[in-house]
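**Student:** Fold the following and give me the result.
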Amino acid sequence: MSRRRLGYLLKHANLRLTELTGPALEPYEIDGREFGVLSVLRTPEPLSQLEAAQRLGIDRTTMVALLDGLERKKLVGRRPHPADRRKNMVELTGHGREVLEAATRAVGVAEEEFLAGLPEEDRRLFRDLLDRLV
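**Tutor:** The predicted structure is shown next:
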């Protein structure tokens, strides 16, 4: 049966999770992609735009568009790389850190709702297995 195919299951699990996380992020005026970018930028040292794009597995053009939007929302800031002025370094603003912190809690609640049908041990196993596969 096609409903047991891994691709089908992963796709529909992702759709269900997105149905929960999308509304959870609305109060922070960001979407799931922007949340991903902010999460990647939560590092002790700023990343270059290219490093952030590589960590997310997206192309540079998409990354620039995402960062433009986040910069307009005053969630990230860009500045030239000190050693290579052709590169831009990107970091969270103070406001961006606050939004990320609150959004992370909201996403955590949405993820728990998504996993609510599983016993705690299965929740941990599910996350561990996905982590190993990724």
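**Student:** now the helix or strand of the chain with the lowest mean pLDDT, how far from the centre of its chain.
**Tutor:** Ranking every helix and strand in the chain by mean pLDDT, DSSP states H and E puts strand 47-48 at the bottom, with a mean of 90. Centre-to-centre, strand 47-48 and its host chain are 16 Å apart (C-alpha atoms, centre = their mean, to the nearest Å).
**Student:** same thing with stretch 75-92?
**Tutor:** Taking C-alpha atoms, centre = their mean, one finds stretch 75-92 lying 20 Å from the centre of the chain it belongs to.
**Student:** Can you give me the end-to-end span of it?
**Tutor:** Chord length of stretch 75-92, first to last residue, is 6 Å (C-alpha to C-alpha, to the nearest Å).
**Student:** buried set for it?
**Tutor:** 75, 76, 77, 78, 88, 89, 90, 91, 92 (16 or more other C-beta atoms under 10 Å). In this view, the C-beta of every residue, glycine as well, is placed from N, C-alpha and C.
**Student:** From those, which one has the minimum pLDDT?
**Tutor:** Least confident of these in the model: residue 88, at 86.
**Student:** residue contacts, that one?
**Tutor:** For residue 88, the contact set (C-beta atoms under 8 Å, 6 or more residues apart in numbering) comprises 48, 49, 78, 79, 80, 81.
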